[in-house]
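> For reference, the sequence and a predicted model appear below.
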Amino acid sequence: MTTTAVPAAGAPASGAHAVAPHARGSRETWVALGFIVPTVFGFVVFYFWPSLRGFGLSFTDYKFFSDTSFVGLANYQRLLTDETFWNAMAVTVWYVVLNIGFQTVLAVLLAVLLHRLTRSVVTRGLVLMPYLVANVVVALLWFWMLDAQIGIVNQVLSWFGTGPVSFFGDEAWAIPTIAFVNTWRHLGYTALLIFAGLVMIPKMLYEAGKVDGASEWQMFWRITMPLLRPVLAMVLVITVVGSFQVFDTVAVTTGGGPADATRVIQYYIFDLAFQRLDYGYASAVSVVLLVILSVIAFVQLRLMRANESDLS
Amino acid sequence: MVTVDTAVAPTSRTPGREAGGSSPGRVLAWACLIAIIAITLFPFYWMLRTALSNGTTLATAGTSWLPVDFTWGAFKRVLGLATVEEAQAEGGSGAAVDFWLYLRNSVLVAALITAGQVFFGALAAYAFARMRWPGRDVVFFVLLTALMVPPIFTQLPNFLLMRDLGILNTYAALVLPFFFMTPFAVFFLRQFFLGISPEIEEAARLDGAGHVRTFFRIIVPMSWGPITTLALLQYVQAWNEYFWPLLVGSERGVRTLTVALGVFRSQTPQGNPDWPGLMAATLIAAIPVLLLFIAFGRKIVDSIGFSGIK
Amino acid sequence: MDTRTRPLAAFLAALAVAAVPACTSERPPAESGGWGDTGEVTYWMWDSSQLPGYQQCAADFEARNPDIDIAIEQVRWDDYWGRLLTAFVANSAPDVFVDHTSKYGDYTSRGLIEPLDDLIARDGPDMSQFVEGTGDLWIGDDGKRYGLPKDFDAVGIFYNARMARDAGVTPEQMQNLTWNPQDGGTFEDLLARLTVDRNGVRGDEPGFDKNAVATYGLGMPPNLGAGSGQTQWSMFTGSLGWSHTDRPLWGTRFNYDDPRFQDTIRWWRSLIEKGYTPPLELAVGGQLSQLLQAGRAALVTDGSWNISTYASLGGIELATAPTPIGPRGSRSSMTNSLADSIASASPNKGAAWKWVRYLASPDCQSVVAHAGVVVPAVASVVSTAEAAIGEHGLDITPFTRNLREGTAFPYPATQHAADVDSIMKTAMERVMAGSADVSSLTAANEEVNALFTQG
């Protein structure tokens, strides 16, 4: 595979391609580069450069305004034996599995329901409404509604005779509850993304399927799912990556407790950097997280062959 | 020959293809949908009920399904219509809320960010999806890693950059880090562009159109559904941004609504939020975006799909 | 260089380039500071309920100093320290800001705030005008003063007066509770009396069902107090003569392995087993004031800085009481004091110092006192504040009497505060949740002490 150096921010603006007598491939390259210039500019300035700086800091013992020295791989070695880090990774992975499993299955179901049962804009708007509420407010609201002592949900449960459930306080329930809260907010959003993909599937295929006598269930697995693959792959990558970075909900509700049961990795990083001022180590943990996420995303994209579409 | 087929009539509830579905299956499907909508909407009822309650007596009847000590006070606080005494009497903090100014700022900032992200994102997505050039997939994957960059890496350096450019507390600082690129937009549109059949482009090429013209004249109109969806979702995300606008835009003139409504959250360590105020603020802040959805909702529903080549 | 190593080389070069700015991005704050006497002074504070009082102070100050402009910004507690740190790094920190005992150690060790000793020697104020002990809380571990105290607080009891009456408890009994770690003294008897299960049976009556409690005697705070236990358990351990560290301030050896501390925690946990306080998992997320208002708890221990929150609760009759008297015959309360610090990088330190001095003066502090939210640190104004607070419905003297009677001890300011809290938070939660034995706190203590020996 050939590699091309990423164009620097000073590359020619779109439209400035010369009418070259070269093969069309070269001209196409210039046009493509023109198309991606603003995106690459934004990436380099606001993501890549700060990340590079952070990566450099992960090899130091930077603690803000104190003598900083290069410590090589010491931060990474510390990471290997850091119990809190491994606990945070385990907690986060468990959260991602619950959140994504639950959310994706429900989102596909909801998207199909919206696609096949009713086309009303109102329904679509209703399911999207949770997304309109800020993450933090959603967390606060559910924190209150699910409160073990004065929450409405436990009151309803008591009508059915079950005792109060400590949704956020019980170590076994805390992560599933946070997963539920985030699913509540993002379900409509994810369903809408998948819905947009469903609509792009040509009706003709369903009609042909019906003529062949296929049932709804069969058509779903044979037609819908395969053709949904590019969109579904994207949705999964986005949601998995986003899920790994859960922070707001935890910060506003359990604060990592009880007893580290919800101390997710992003919260640990935040705690290290801004409260314990151990920025060098926090950078190292961040780099490790970034690498893990990149590997996961890469594997996902490969497995789902997200670069191709069965339609073309 | 290419046929374009609208996928759905605007207000039909049950298009023809539904006919013949099994009854118990459909009942189950409807039951599922209703259950999901109920769980989705119940918290909004709870928000409304709390917003109409009095903050100082709220917890005395915390599980009552009706507002506690019905009052419009919370909405007055949010809209900046309550005096300091009125606010504090009902448990609010008394800090001034210049609602319309902050609303204007939010609308402006979110619109700018969305415009940039969607436009540049669409351009880039097309280049990744439908053009061939060396290193294409590698560059795409690298761009994608921006999704995984931890916020602690970007917040401090970007803040320093804004300060060095001298644009702290301006709209520019609020918009710039998000304006040029968001990996989500590029990824999202790329996947949709991948799903467009290549025959359409080849037809256009045979007619003599270059990439630029193909993109603007054919691809974009075809993808209006996904593009509008993306714009709406990015608008909501930009609208709900909190920490960055707090860092670079805390001055009154450029403060956004989401930041300003932090006044209803807890101010002191382990303190209580102003629950009614917070709920009222959330409901009111959701209205502009809801209006936007209603305006553009049709476009998302009536996405133009392709039935393929005849 | 072939195409494969070229990207690698470019990457390494970029890395080297990136590391350079990382090392030199900060200038020592004192270098960029200046002693300007006029202009704008930015002031950060987090408590919104004190904002009107301080805005009045600013107006009065500007009237006397027309060439100085005070710009107050109120920043929520949760955002406060993150924004402050970012501002320090970007050299855009506020000139003056409200500082906290648990945080300023991090700033002194980094030279971010200005020592005030020379300024005090030159311009005053007379440090004896402040309530005893408050000024000392702001002497750093290098012996220099870093803030002028603005208020002080103590801890005590808030309880539901109606529930107490129904239980047959007199206010006089409430003011003279006793406690010991073996059987909890009259304090535990009181909790038993106030606890009521769903069938109306009280905690000290036969047939009490501790698994079906409607109202708990003691409200369990969602936050167990991490290392300090300021409002949660420090009043009990203090009454045994136990102190957190080897020195009251800036100690370097913690005492969580001391049997007095562990016995107290063991007693506290026993309350859960007896049903007088809810299990930790039920308490997560509950705000104490909301629990009281909902009738789920009859009594809570909390700090005097929250008194206006409790006073404003509607639909409930609350009263205050002092912390219980320990086995040594005296009660105990942790006390803390907030102060205003000056950023070393401020260009207007002259003007900032004038503002700080005004903030610490009886003039400004009496304005704050009249607002009835906190008790200012200037001794002469304390009774005004107590009266103003009393007008809102709750009596603050059970809290403040600790300072008059000499039973107060200072908040244990130390270096590495955030790390200590992080270790102790997890350890305490495990113990109170029952998944670890109280003796596990000894291991936690070693972890904490290791922070200081590693230097």
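Arrived safely. Remember, it's a predicted structure, so these values are computed and weren't measured experimentally.

> what helix or strand does residue 97 sit in?
I went with chain A, as the question did not name one. helix A:83-116 (DSSP states H and E).

> hmm, I had chain C in mind actually
strand C:96-99.

> Show me what that strand is packed up against.
strand C:39-45, strand C:339-342, helix C:349-359 (3 or more C-beta pairs under 8 Å, 6 or more residues apart in numbering or on different chains; DSSP states H and E). C-betas here are computed from N, CA, C, even on glycine.

> Give me the sheet partners of the second one and which way each runs.
Within its sheet, and counting by DSSP bridges, strand C:339-342 is paired with strand C:96-99 (antiparallel), strand C:148-149 (antiparallel).

> re earlier: can you list the buried residues in the helix holding A:V97?
A:84-85, A:87-89, A:91-92, A:95-96, A:98-100, A:102-104, A:106-116 (16 or more other C-beta atoms under 10 Å in any protein chain shown).

> need the residues of chain C near chain B, please.
For chain C, the residues in contact with chain B (C-beta under 8 Å from any C-beta of the partner chain) are C:25, C:46-49, C:51-52, C:73-79, C:83, C:86, C:89-92, C:222-223, C:287, C:289-291, C:293-295, C:305-306, C:309, C:312-316.

> Buried ones among the residues you listed?
Of the residues of chain C next to chain B, these count as buried by 16+ other C-beta under 10 Å: C:25, C:46-49, C:51-52, C:74-79, C:83, C:86, C:89-91, C:222-223, C:287, C:289-291, C:293-295, C:305-306, C:309, C:312-316.

> if you look at those, which of them are in helices?
C:51-52, C:77-79, C:83, C:86, C:89, C:289-291, C:293, C:309 (DSSP state H).

> what would the residues you listed look like in TSV with distance to C:F399?
As requested, those are exported to TSV (distance: C-beta to C-beta, whole Å):
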residue	distance to C:F399
C:L51	23
C:P52	23
C:W77	21
C:D78	25
C:D79	28
C:R83	31
C:T86	35
C:V89	38
C:S289	16
C:Q290	21
C:L291	20
C:Q293	20
C:T309	14
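
> need these in a markdown table with pLDDT and distance to chain A, can you?
Converted to a markdown table, those look like this (pLDDT from 0 to 100; distance: C-beta to the nearest C-beta, whole Å):
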| residue | pLDDT | distance to chain A |
| --- | --- | --- |
| C:L51 | 89 | 22 |
| C:P52 | 89 | 26 |
| C:W77 | 92 | 13 |
| C:D78 | 89 | 8 |
| C:D79 | 91 | 11 |
| C:R83 | 91 | 10 |
| C:T86 | 90 | 9 |
| C:V89 | 88 | 7 |
| C:S289 | 90 | 11 |
| C:Q290 | 89 | 6 |
| C:L291 | 90 | 6 |
| C:Q293 | 91 | 9 |
| C:T309 | 88 | 16 |
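
> Mind picking the two most distant members of those residues?
Distance extremes for those: the farthest pair is C:V89 and C:Q293 at 41.6 Å, using C-beta to C-beta.

> any idea of the mean pLDDT in the helix or strand where A:L187 lies?
For A:L187, the element it lies in under DSSP H and E is helix A:171-199. Average pLDDT, helix A:171-199: 90.

> Buried residues in that helix, which are they?
In helix A:171-199, counting by 16+ other C-beta under 10 Å, buried: A:171, A:173-199.

> Please work out how many residues are found near residue 135.
Here I'm looking at chain A. 21 (other C-beta atoms under 10 Å in any protein chain shown).

> Chain B, not that one
Residues lying near B:G135 (other C-beta under 10 Å) number 16.

> Then B:E85?
The burial count for B:E85: 9, using other C-beta under 10 Å.

> Which strand or helix spans it?
Here B:E85 sits within helix B:84-89, counting by DSSP H and E.

> Which secondary structure elements does the helix or strand just after that helix sit against?
Downstream of helix B:84-89, the next assigned helix or strand under DSSP H and E is helix B:99-130. Using 3+ C-beta pairs under 8 Å, 6+ apart, the elements in contact with helix B:99-130 are helix A:24-43, helix B:136-144, helix B:171-179, helix B:183-194, helix B:224-239, helix B:257-260, helix B:275-301.

> Name the SS class of C:T134, please.
Following DSSP: H, G, I helix; E, B strand; the rest coil, the label given to C:T134 is coil.

> Just the buried positions in stretch C:366-384, please.
Here stretch C:366-384 shows C:366-379, C:381-382, C:384 as buried, counting by 16+ other C-beta under 10 Å.

> now swap in stretch C:385-392 and tell me
Buried, per 16+ other C-beta under 10 Å, within stretch C:385-392: C:A385, C:E386, C:A388, C:I389.

> Out of the helices and strands in chain A, which is least certain?
One helix or strand of chain A scores below all others by mean pLDDT, DSSP states H and E: helix A:216-219, with a mean of 80.

> before we move on, the earlier item: and the angle for the helix or strand just after the helix holding A:V97 with helix A:171-199?
Where DSSP H and E defines the elements, the next helix or strand beyond helix A:83-116 is helix A:121-132. With axes from the mean of the first three to the mean of the last three C-alpha atoms, to 10 degrees as the basis, helix A:121-132 and helix A:171-199 are set at 140 degrees to each other.

> Hey, what's the angle from helix A:121-132 to helix B:224-239? Just curious.
30 degrees.

> does any part of the helix or strand just after helix A:121-132 sit near chain B?
Per DSSP H and E, the first helix or strand lying C-terminal to helix A:121-132 is helix A:135-145. Yes. Shown here: helix A:135-145 in contact with chain B (C-beta under 8 Å from any C-beta) through A:N135, A:V136, A:V137, A:V138, A:L140, A:L141, A:W142, A:W144, A:M145.

> So helix A:135-145, near chain C or not?
Yes. With C-beta under 8 Å from any C-beta as the measure, helix A:135-145 is seen reaching chain C through A:F143, A:W144.

> Please tell me how far that helix is from the chain's geometric centre.
20 Å (C-alpha atoms, centre = their mean, to the nearest Å).

> If you count contacts, what does that helix end up packed against?
helix A:171-199, helix A:248-252, helix B:23-51, helix B:275-301.

> Just checking whatever helix or strand comes next after it against chain C, any contact.
Next along the chain after helix A:135-145, taking DSSP H and E as the criterion, comes helix A:152-159. No. Using C-beta under 8 Å from any C-beta, helix A:152-159 stays clear of chain C, with a minimum separation of 9.7 Å.

> can you list the residues of chain B near chain C?
By C-beta under 8 Å from any C-beta, the residues of chain B that approach chain C are B:54, B:56-60, B:62, B:69, B:84, B:88, B:91, B:93-95, B:155-156, B:159-160, B:163, B:168, B:243, B:246-247, B:250, B:262-263, B:265-272.

> what about chain B, any weak spots by pLDDT?
B:1-22, B:93-96, B:297-310 (pLDDT under 70).

> mind listing what residue 190 touches?
No chain in the question, so chain A it is. Going by C-beta atoms under 8 Å, 6 or more residues apart in numbering or on different chains, A:T190 touches A:Q103, A:T104, A:A107, A:V235, A:T239.

> Let me rephrase: I mean chain B.
Counted by C-beta under 8 Å, 6+ apart, B:R190 has contacts A:M234, B:A125, B:F128, B:A129, B:F140.
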